[in-house]
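Fold the following for me, if possible:
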Amino acid sequence: MEFHVITLFPDMFESPFRGGMIGRAIEAGIVVIKTHALREFGLGNYKQVDDQPYGGGSGMVMRPEPIAEAINSVMTERQRLWRILMTPQGAPLTQAKVRQLAALSDGLLLIAGRYEGVDERVRAMVDEEISIGDYVLSGGELPAMVLIEAVARLLPGVLGNPQSTEEESFTVEMLEYPQYTRPEEFRGMRVPDILLSGDHGKIRAWREAEARRRTQQRRPDLLHRKR
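Numbers count the residues shown, from 1 in each chain. All right, here's what the predicted structure looks like:
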């Protein structure tokens, strides 16, 4: 699957995906990440990409022309890419949305804004807007990386064990049950006896109960959403 990113800082995407499972997926050709430097589409001799907002106010706003040109340049080669603007005003990124995006075999085009945001008319150039949380960052590069990581790990061949995604938090609108490994006792804390019992039916029931209990304690909104 191809991920294209329009950004003012393409170098930011080199190191995060160099190692780990995404790095291996890139080496195997399962994942392709291509950055497109927005500055190359800037206006005039100084390659301007931003300007002062109409009506006054602090900061600068990204102009629509460079972004439009960058989108057109990418889409000329990949006409079926799904275009996403990374913005705090977008719909929250959920695991359900990640699964939908992972099913888009034609790939994604992510637009990473900067400064005080993008000219409102840019929104007409994308298919949807996505936010990774109710907070503000300096730009859309880190949110784009989060989205790439979340989507890429669901692609066939990226994870060593594909079944590991089936019981993760949010996959069934609940947090994941507690996990344990060796040693059986650590600083006075023991692994629950039921996990050592070998009774898979009881273990499954315990995990379901613990997942619900943890969700009720930490994220009760997920249970309400499920109803």
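
Please make it C-alpha for all contacts and neighbour counts, starting now.
OK.

low-scoring stretches of the chain, by residue?
Low-confidence segments of the chain, defined by pLDDT under 70: 161-172, 226-227.

packing partners for the longest helix seen in it?
Secondary structure of the chain read by DSSP state H shows that its longest helix is helix 200-218. Judged by 3 or more Cα pairs under 8 Å, 6 or more residues apart in numbering; DSSP states H and E, helix 200-218 is in contact with helix 220-226.

quick check: domain ranges of the chain?
The chain breaks down by automatic domain parsing into domains covering 2-152, 167-226.

Most tightly packed of the ones you listed?
Highest mean neighbour count among these (mean count of other Cα atoms under 10 Å): domain 2-152, with a mean of 17.

how long is that one end to end?
Domain 2-152 has an end-to-end distance of 10 Å (Cα to Cα, to the nearest Å).

ok so, going back, with respect to residue 158, which of the domains of the chain lies nearest?
When the domains of the chain are compared by Cα to Cα, domain 2-152 sits nearest residue 158, at 5.6 Å.

Tell me who's in contact with the spatially most central residue of the chain.
In the chain, the C-alpha nearest the mean C-alpha coordinate belongs to residue 147, at 1.4 Å (Cα atoms, centre = their mean). Residues near residue 147 by Cα atoms under 8 Å, 6 or more residues apart in numbering: 93, 98.

which residues sit in contact with residue 152?
Counting by Cα under 8 Å, 6+ apart, the residues that residue 152 touches are 1, 22, 31, 102, 158.

Confirm residue 158 sits in a strand?
No - checked against DSSP: H, G, I helix; E, B strand; the rest coil, residue 158 lies outside a strand; its state is coil.

hang on, isn't residue 86 packed against residue 143?
Yes - in this structure, residue 86 is within contact of residue 143 by Cα atoms under 8 Å, at 6.6 Å.

any common contacting residues for these two?
Taking Cα under 8 Å, 6+ apart as the contact rule, residue 86 and residue 143 both touch residue 131.

quick one, helices of the protein?
With DSSP H as the criterion, the chain has helices spanning 20-27, 64-77, 95-102, 141-152, 200-218, 220-226.

Tabulate those in TSV, adding columns for distance to residue 182.
Listed next are the helices of the chain as TSV, based on distance: least, Cα to Cα, whole Å:
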stretch	distance to residue 182
helix 20-27	23
helix 64-77	49
helix 95-102	30
helix 141-152	28
helix 200-218	17
helix 220-226	31
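
helices and strands around the strand ranked longest in the chain, which ones?
Secondary structure of the chain read by DSSP state E shows that its longest strand is strand 82-92. Judged by 3+ Cα pairs under 8 Å, 6+ apart, the packing partners of strand 82-92 are strand 108-112, strand 128-131.

Please find the angle between the direction vectors of it and helix 64-77.
Between strand 82-92 and helix 64-77, the angle comes out at 130 degrees (axes from the mean of the first three to the mean of the last three Cα atoms, to 10 degrees).

so how far is stretch 193-213 from its chain's centroid?
Mean-position distance between stretch 193-213 and its chain equals 31 Å (Cα atoms, centre = their mean, to the nearest Å).

Give me the contacts around that stretch.
Applying Cα under 8 Å, 6+ apart, the set of residues contacting stretch 193-213 is 174, 175, 176, 177, 178.

Now, these that are in strands?
The strands, defined by DSSP E, take in nothing from the contacts of stretch 193-213.

Wait, residue 68 touches residue 125, no?
Yes - judged on Cα under 8 Å, residue 68 makes contact with residue 125 at a distance of 7.3 Å.

now residue 31, nearest residue through space, not along the chain?
Of all residues not flanking residue 31 in the chain, residue 1 sits nearest, at 5.1 Å (Cα to Cα, 6 or more residues apart in numbering).
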